[in-house]
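Participant: my questions are about this predicted structure, shown below with the sequence.
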Amino acid sequence: MRTALVIGTGLIGTSAALALTQRGVTVHLTDRDPEQARTATALGAGTDEAPGGPVDLAIVAAPPALVADVLADAMERGAARGYIDVASVKGGPRRELEARGLDLSAYIGTHPMSGREKSGPLAATGDLFEGRPWVLTPTRDTDTEVLNLALELISHCRAVPVVMDADAHDRAVALVSHMPHLVSSMVAARLEHAEEAAVRLCGQGIRDVTRIAASDPRMWIDILSANPGPVADLLTDVAADLEETVRALRGLQSSDEGERRDGGTGIASVLRRGNAGQVRVPGKHGSAPRAYETVAVLIDDQPGQLARIFADAGMAGVNIEDVRIEHATGQQAGLVQLMVEPKAAAVLTAALKDRGWAIRQ
Ligand SMILES: NC(=O)c1ccc[n+]([C@@H]2O[C@H](COP(=O)([O-])OP(=O)(O)OC[C@H]3O[C@@H](n4cnc5c(N)ncnc54)[C@H](O)[C@@H]3O)[C@@H](O)[C@H]2O)c1
Ligand SMILES: O=C(O)C(=O)C[C@]1(C(=O)O)C=C[C@@H](O)C=C1
């Protein structure tokens, strides 16, 4: 691929554009809001000048409800040799395009399984998709050349291609993305009117559970409107679990020994089923989850601290597999959790202590 056109230069469009530009592809950027395209250009994601003729691949990264309109417009003006969209739902946009009677052989619906709770080009990064699944939904009418262009994009973004049927994709993301998003919103909603004395105790657990509740509601209304049935089915199951859990907790409150025992069994069951589901969440690069050990370091909230820790870990010959930062509420300090291979944990701990870092258990 030599040229690409990104239509919609928000978080996802600009992230893909950055990755392509970094791999030497000439990327043209356009957005309904020219300011967004200018910002993406300023970030080095490409040029906001229109291409001189058809590009190799047009990437539509507009909100889901507009994807069919934007694609149809690009196809009708012959903007590219191949067309993809990156919307979080796949069945609806394809059916809308089919209903318009367009030739869809040059189109593939795709979905990178990576994102953030922030929108817009300023939240974009060229490595957003690295190691993450990127779903492709070709049909038997899809041109091989277009499939290859989409695979080249995914390879440039260092993502992992996964081929699926559009409706099977929508059922799968209902389980792993759409239903969890709503549950996160419902947990976060409990905080809206909670007392300040409780909210200031927020630790890492609630931060993990509620991060995605910060996402743009307009985008999520589009996503959920295009996949309501599968999400409602899953929430029905969650509601049944909730009812059982409440019953078990009421049992634990009871003065009757038998009810307390049943309550304990009920709670243990939901927690164990949670463990069994959680271990199925794939690890980095889509591999089976791996057990890393955590080395926790207390840092001052000052510029350059993370860079120094990473440099010190590098000098000790230790590869950092993952990292988390826990900010202490109301304090100029944070706890950095460095995830490393178990055999590297002692080496890293000793090296960081030697260099004066405060290690926490
Ligand atoms: N945010 C995520 O985590 C995530 C992850 C994977 C896929 N997606 C999908 O990617 C797409 C973009 O999401 P985002 O998070 O980048 O949103 P965003 O809000 O950051 O960006 C969307 C951009 O599209 C532009 N736009 C709106 N209407 C347009 C039109 N008619 N023509 C051209 N541009 C238009 C907006 O001005 C905005 O700059 C959505 O379809 C979404 O479902 C999002
Ligand atoms: O914010 C994140 O971490 C996300 O990855 C967001 C997430 C997801 O649920 O996995 C959200 C919607 C997209 O369609 C894909 C990714």
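Facilitator: Looks like it arrived, so ask away. Ligands and ions are numbered 1, 2, ... in the order given.

Participant: any chance you could give me the lowest-mean-pLDDT helix or strand in the chain in PDB, C-alpha atoms only?
Facilitator: Here the helix or strand of the chain ranked lowest by mean pLDDT, DSSP states H and E is strand 322-327, holding a mean of 80. Included here for strand 322-327 are C-alpha records, laid out as PDB according to Å, rounded to 0.1, in the frame of the first residue of the first chain:
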ATOM      1  CA  ASP A 322       3.300  -4.400  31.600                       C
ATOM      2  CA  VAL A 323       2.900  -1.300  33.800                       C
ATOM      3  CA  ARG A 324       0.200   0.300  36.000                       C
ATOM      4  CA  ILE A 325       0.300   3.500  37.900                       C
ATOM      5  CA  GLU A 326      -1.900   4.100  40.900                       C
ATOM      6  CA  HIS A 327      -2.200   7.700  41.900                       C
END
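
Participant: doesn't Ala58 lie inside a strand?
Facilitator: Yes. Judged by DSSP: H, G, I helix; E, B strand; the rest coil, Ala58 forms part of a strand.

Participant: what's the burial count for it?
Facilitator: A count of nearby residues for Ala58, using other Cβ atoms under 10 Å, gives 28. All C-beta spots, glycine's among them, are computed from the backbone N, C-alpha and C.

Participant: and stretch 32-42, how far out from the chain's middle?
Facilitator: 23 Å (Cα atoms, centre = their mean, to the nearest Å).

Participant: in it, which residues are buried?
Facilitator: Residues of stretch 32-42 classed as buried: Gln36, Ala37, Thr39, Ala40, Thr41 (neighbour count, 16 or more other Cβ atoms under 10 Å).

Participant: wait, does it make contact with ligand 1?
Facilitator: Yes. Against ligand 1, stretch 32-42 shows contacts by Cβ under 6 Å from any ligand atom at Arg32, Asp33, Gln36.

Participant: for the last one, pull up the helix or strand it's in.
Facilitator: What that stands for is Gln36. helix 34-42 (DSSP states H and E).

Participant: that older thread, let me know the closest of the residues of stretch 32-42 next to ligand 1 to ligand 2.
Facilitator: The shortest approach to ligand 2 among the residues of stretch 32-42 next to ligand 1 belongs to Gln36, at 19.0 Å (Cβ to the nearest ligand atom).

Participant: farthest residue from the center of the protein?
Facilitator: Distance from the centre of the chain peaks at Asp256, with 46.1 Å (Cα atoms, centre = their mean).

Participant: dump the buried residues of stretch 32-42 to TSV, plus pLDDT.
Facilitator: Listed next are the buried residues of stretch 32-42 as TSV, based on pLDDT from 0 to 100:
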residue	pLDDT
Gln36	98
Ala37	98
Thr39	98
Ala40	98
Thr41	98
